[in-house]
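J.: Give the three-dimensional model of this entry:
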Amino acid sequence: MTPTKMPPLTRVPTPGLGPEDAVIAEDGTVYSALRNDGRLLRVRPGAEESETVAELGGRGLGVELLPDGRVLVCNADLGLQAVDPRTGAVEALLDAVDGAPFGVCNNAAVARDGTIYVSESSRRYRLERFRRDIVEHTCTGRLLRWRPGAEPEVLLDGLAFANGVALDPEERFVLVAETGKAQVHRVWLEDGRAEIFAHVPGLPDNLSLGSDGLFWLALPALPNRALAHIHSLPAALRALVARLPERLQPPTPPCCRIAAYDGEGRLVHLIDGDPGDYHHVTGVRERGGTVWMGSIFEHALARFDLSARPPAHRP
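T.: Okay, the predicted model is just below:
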């Protein structure tokens with residue numbers, strides 16, 4: 001599919017760097033957590049600026065809504081947290097798996113009964129070394145299912161930096177993005193069967209289910225042949241390359257790309273924006289035709305009206 005042009009953006013400034021993801025409540029309130037200083041933010045309906053809801057500690061990544069109205073935060077350092085948006089009270093939900101602290105607690109999806117599906121990106125490196133994990137291709141990421149009061153279960157293991165997570169509307173399957181292999185997996189919940197859902201045009205980050213029934217995917221980096229070549233090398237050589245200065249590693253030119261897929265894994269939207277306006281999109285959320293985006297390299301969230309997007313050109 002030929003990408004279409006992203007409509008004009010509205011930027012909503014944040015008080016710190018790195019609003020990595022966004023989730024939208026029933027009343028239109030948008031929540032986002034800052035990757036760099038661990039604040040949970042709120043953008044009220046119609047507002048053009050954000051406000052702080054709570055101090056999380058650690059570093060906030062994916063955000064979702066819990067059935068009781070609280071905001072679920074994937075804190076890279078501290079695990080799963082629940083925040084009451086009325087009071088700012090923060091509750092630690094899950095900080096370890098099999099007795100070991102989360103490596104990188106990244107993104108989640110919440111079922112109607114409160115079951116949480118969450119990605120652990122790496123068990124070798126912490127968040128500050130995520131590039132090293134991707135280049136070294138450790139494949140130590142996994143998808144977990146956690147029912148409060150029980151022990152977490154591993155649904156899929158051996159992932160090359162497990163990332164975005166989304167549930168099918170009927171809760172028949174869960175999707176998980178695999179950044180290091182530029183693909184999305186589907187796990188059927190009835191029998192645990194796993195399969196490739198889609199090979200994607202970039203390195204994927206967060207996933208979300210839109211109000212339009214599509215799965216929206218952030219693509220913070222374009223396909224990278226140099227990285228694919230490094231991944232074909234023996235483990236010792238990959239580890240050596242991963243320890244080189246960043247200027248000697250595969251470059252990641254700024255881009256602004258998002259995509260959307262239907263429930264069969266067919267690409268429905270591929271949208272490119274001007275990276276000078278907003279770049280390295282790590283989170284995307286659609287609601288009622290409005291698309292919100294987050295980025296770990298921006299001091300703002302951004303949104304646009306999907307109906308203003310010109311139709312795709314198909315040769």
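J.: CA only for contacts and neighbour counts going forward, please
T.: OK.
J.: for Val281, what are its contacts?
T.: Taking C-alpha atoms under 8 Å, 6 or more residues apart in numbering, we find Val281 in contact with Ala218, Leu219, Pro220, Cys255, Cys256, Arg257, Ile258, Met293, Gly294, Ser295, Ile296.
J.: and what of Arg142?
T.: If you count contacts by C-alpha under 8 Å, 6+ apart, Arg142 has them with Ser119, Glu120, Ser121, Ser122, Val154, Leu155, Leu156, Asp157, Gly158, Leu159, Phe161, Ala162.
J.: Separate out the buried members of those.
T.: Buried positions within those, assessed by neighbour count (16 or more other C-alpha atoms under 10 Å), are Ser119, Glu120, Ser121, Ser122, Leu155, Leu156, Leu159, Phe161, Ala162.
J.: Nearest to Glu136 among the contacts of Arg142?
T.: Within those, proximity to Glu136 (C-alpha to C-alpha) peaks at Phe161, which comes in at 10.5 Å.
J.: burial measure for Ala25, as a count.
T.: The tally of other residues near Ala25 (other C-alpha atoms under 10 Å) stands at 16.
J.: Might one say that it is in contact with Leu65?
T.: Yes: here Ala25 reaches Leu65: they are 7.3 Å apart, a contact under C-alpha atoms under 8 Å.
J.: from the buried ones among the contacts of Arg142, which ones fall inside strands?
T.: Among the buried ones among the contacts of Arg142, the ones falling in strands (DSSP state E) are Ser119, Glu120, Leu155, Leu156, Leu159, Ala162.
J.: Worst mean pLDDT across the helices and strands of this protein, which element?
T.: Within the chain, judged by mean pLDDT, DSSP states H and E, the helix or strand with the poorest mean is helix 225-231; its value is a mean of 85.
J.: residues of that one that come out buried?
T.: Across helix 225-231, burial judged by 16+ other C-alpha under 10 Å covers Leu227, Ala228, Ile230, His231.
J.: ok, now stretch 93-108?
T.: Residues of stretch 93-108 classed as buried by neighbour count (16+ other C-alpha under 10 Å): Leu94, Asp95, Ala96, Val97, Phe102, Gly103, Val104, Cys105, Asn106, Asn107, Ala108.
J.: residues in contact with it?
T.: 61-64, 74-82, 116-127, 151-152, 162-166, 206.
J.: among the residues you listed, which ones are buried?
T.: Buried members of the contacts of stretch 93-108, scored by 16+ other C-alpha under 10 Å, are 61-64, 74-82, 116-123, 125-127, 152, 162-166, 206.
J.: In helices only, show me those residues.
T.: Among these, none falls in helices (DSSP state H).
J.: Against Ala92, how distant is Pro101?
T.: From Pro101 over to Ala92 the distance is 13 Å, taken as C-alpha to C-alpha, to the nearest Å.
J.: Mutual contacts of the two, please.
T.: Gly79.
J.: ok, back up a step: output the contacts of Arg142 in a markdown table; the columns should cover distance to Leu306 and pLDDT.
T.: Converted to a markdown table, these look like this (distance: C-alpha to C-alpha, whole Å; pLDDT from 0 to 100):
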| residue | distance to Leu306 | pLDDT |
| --- | --- | --- |
| Ser119 | 28 | 98 |
| Glu120 | 31 | 98 |
| Ser121 | 30 | 96 |
| Ser122 | 34 | 94 |
| Val154 | 36 | 97 |
| Leu155 | 34 | 98 |
| Leu156 | 33 | 98 |
| Asp157 | 35 | 97 |
| Gly158 | 36 | 97 |
| Leu159 | 32 | 98 |
| Phe161 | 30 | 96 |
| Ala162 | 28 | 97 |
